[in-house]
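Trainee: Based on what follows, work out the 3D shape:
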Amino acid sequence: MSLSHALMTSLLEKSSSGYDLARRFDKSIGFFWRATHQQIYRELARMEKAGWIASEAAPDGGRTRKRNYRVLDAGRQELERWVREPSPAPDQRDEMMVRMRADAVIGPLGLEQEVERRMAQHATMLAAYRQIEARDFPADKTLTREARIQHLILKTGIMYEQGWLNWSQEALQVLRETAPADHSPG
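Mentor: As a prediction, this is how the structure comes out:
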């Protein structure tokens, strides 16, 4: 996936300035596709040059260099083309798993503190996701198709964070064991 597709999706939800887009991005798509504000501005310029989006000066009387962006037909067509493409499974590259493997081979390396630190980060994200869920997707409200899809995306984040918390608890139990195991897997 490219940042341009994420940005066009966000702009189709609501045309906005680069600044407002970057702030909205941080609070939505940014949970699963990270980009700095600088990357977003560079990508907006590239997308405008490609003819996928257009911008116009913000209606502030020229007091700022602020521009409002909107998706053009060519951008919508590009987004539709991209959505229909098969996507590869995400690569899992997690340094913690290599550290765990090293602990298994070398012996206790004191990873408990790092697991606890990460556990706290995942607990914080899970709490944030649960707060969004309670606010935006109350159980007693009938949701539109769009809202149900957005809720499904949020549920993926909830399951991810909960999975890491479960794994962390189990990892801490194993790391705290002092008796050697009977055998080690290859």
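
Trainee: which residue ranges form the strands in this protein?
Mentor: Residue ranges of the strands in the chain, as given by DSSP state E, are 16-17, 53-57, 67-71.

Trainee: got CSV for the ones you listed, with mean pLDDT, distance to Glu80 and mean neighbour count too?
Mentor: The way it works is simple: take the backbone N, C-alpha and C, and place the C-beta from them, glycine included. Shown next, in CSV, are the strands of the chain (pLDDT from 0 to 100; distance: least, C-beta to C-beta, whole Å; neighbours: other C-beta atoms under 10 Å):
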stretch, mean pLDDT, distance to Glu80, mean neighbour count
strand 16-17, 88, 21, 18
strand 53-57, 90, 15, 16
strand 67-71, 92, 11, 19
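
Trainee: pretty sure Lys66 is in contact with Ala58, am I right?
Mentor: Yes: if you go by C-beta atoms under 8 Å, Lys66 and Ala58 touch, sitting 3.9 Å apart.

Trainee: These two - which one has more neighbours?
Mentor: Using other C-beta atoms under 10 Å as the criterion, Lys66 and Ala58 rank with Ala58 on top: 18 against 15.

Trainee: Kindly list the main-chain dihedrals of the more buried one?
Mentor: Here is the backbone geometry of Ala58 (degrees, to the nearest 10): phi -60, psi 150.

Trainee: wait, doesn't it sit right on Gly18?
Mentor: No: contact criterion C-beta under 8 Å: Ala58 and Gly18 do not qualify, at 10.0 Å.

Trainee: joint contacts of these two?
Mentor: 66-67 (C-beta atoms under 8 Å, 6 or more residues apart in numbering).

Trainee: what residues are shared contacts of Lys66 and Ala58?
Mentor: With C-beta under 8 Å, 6+ apart as the test, Lys66 and Ala58 both reach Ser17.

Trainee: Which of the strands of the chain sits closest to Glu177?
Mentor: Of all the strands of the chain, the one in closest proximity to Glu177, counting by C-beta to C-beta, is strand 16-17 (52.6 Å).

Trainee: Given the closest one, what are its sheet partners and their directions?
Mentor: Applying DSSP bridges to the sheet, strand 16-17 is found paired with strand 67-71 (antiparallel).

Trainee: Noted, bye for now.
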